[in-house]
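Novice: Got a predicted structure here, sequence first:
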Amino acid sequence: MAHPAALLVSIEHQAGALRTLQAAAAPHPPCRPPQPCHTQTFSAGSSSTAWRSLGEKTEVLEPGGAQELEEERKAPGRSPKEVEESGDLSPLSPGEPRPESLARRETLRERALRSKMSRLVEATSRLVQVEQTLLLPVLQQHPLPLHPKDSIEFRNICSHMALQSEGQKFERDLDEAHQCLKIIIEKLICSLAVFPSDSYNPVRSALRQILQNLLAI
């Protein structure tokens, strides 16, 4: 059976993990997509040859070249307006995702990560609060088995995650942190179930609510 000192150790590790999570969840300035390049145009009265630098010439379209360029702009699947705005004259193959579609998918992915991180921060904060205000007082009269090693592992996972850039390693650590906190809460609920004391009812109810919010989609 665990004494209040063991719970205090677990709370200390969870609080350290919480500080790390809050720092990792701090908003970062958004990355702006690269601006499209605009092709240089020449007036009709310009010379037939334009000089980029000394000794280097750029050929001007022959008669009929403007018509070919216009046909390229009207390639299937791309409107002239889209071509003009993007600055890219190469046609997209059927089924090829457009750059703006990739940007939308990336935004949705980042939004999902922020939501998952937010739930993890909220659940950790709430767990520490419940342990301090509800579980610690009743633990003095009714000891129960605790698992402080899980809290140590949770803190270590969060510390490792904070060192990762947002990529596959970051997402893997975030999943592991979710799973570890889930195990901590579930073990607490199981330990409380062994003791049918009414003193633990508020704690059990609060822990179930934390677990539900953590796993919310």
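Specialist: Thanks, I have it. These numbers come from a predicted model, not from an experiment. Numbering: from 1, shown residues only.
Novice: I'd guessed Leu21 sits against Thr124; true?
Specialist: Yes - shown here, Leu21 and Thr124 form a contact pair, counting by C-beta atoms under 8 Å, at 6.2 Å. (C-beta placed from N, C-alpha, C; glycine too.)
Novice: For this protein, which segments count as helices?
Specialist: For the chain, the helices defined by DSSP state H cover 4-24, 65-73, 80-86, 99-130, 136-139, 148-162, 168-193, 201-214.
Novice: In the last one, which residues are buried?
Specialist: Taking 16 or more other C-beta atoms under 10 Å as the basis for neighbour counts, the residues of helix 201-214 that come out buried are Val203, Ala206, Leu207, Ile210, Leu211, Leu214.
Novice: farthest pair in those residues?
Specialist: Greatest spatial distance among those (C-beta to C-beta): Val203 and Leu214, at 16.4 Å.
Novice: which one of the buried residues of helix 201-214 is nearest Ala112?
Specialist: Here the nearest of those to Ala112, counting by C-beta to C-beta, is Leu214; it sits at 15.1 Å.
Novice: Spit out the contact partners of the closest one.
Specialist: Contacts for Leu214 (C-beta atoms under 8 Å, 6 or more residues apart in numbering) come out as Arg119, Leu120, Ala123, His178, Leu181, Lys182, Ile185.
Novice: likewise Glu171?
Specialist: Leu113.
Novice: Recalculate using a threshold of 10 Å.
Specialist: Residues near Glu171 by C-beta atoms under 10 Å, 6 or more residues apart in numbering: Arg109, Ala112, Leu113, Lys116, Met161, Gln164.
Novice: Drop anything exposed from the contacts of Leu214.
Specialist: Neighbour counting with 16+ other C-beta under 10 Å marks Arg119, Leu120, Ala123, His178, Leu181, Ile185 as buried within these.
Novice: now this protein, which segments are flagged as low pLDDT?
Specialist: Applying pLDDT under 70 to the chain picks out residues 1-3, 27-106, 165-166, 217.
Novice: so what's Ser159 closest to, chain neighbours aside?
Specialist: Sequence neighbours aside, Thr20 is the residue nearest to Ser159 in space, at 5.6 Å (criterion: C-beta to C-beta, 6 or more residues apart in numbering).
Novice: Any figure for the gap between the closest residue to Gln141 other than its chain neighbours and Leu135?
Specialist: If the residues on either side of it in the chain are set aside, Gln141 comes closest to Ser199, at 7.1 Å by C-beta to C-beta, 6+ apart. According to C-beta to C-beta, to the nearest Å, Ser199 and Leu135 sit 10 Å apart.
Novice: same question, Pro196
Specialist: Computed as C-beta to C-beta, the Pro196 to Leu135 distance reads 16 Å.
Novice: before we move on, what about Leu188?
Specialist: 8 Å.
Novice: Same question for Phe154.
Specialist: On the measure of C-beta to C-beta, Phe154 and Leu135 end up 17 Å apart.
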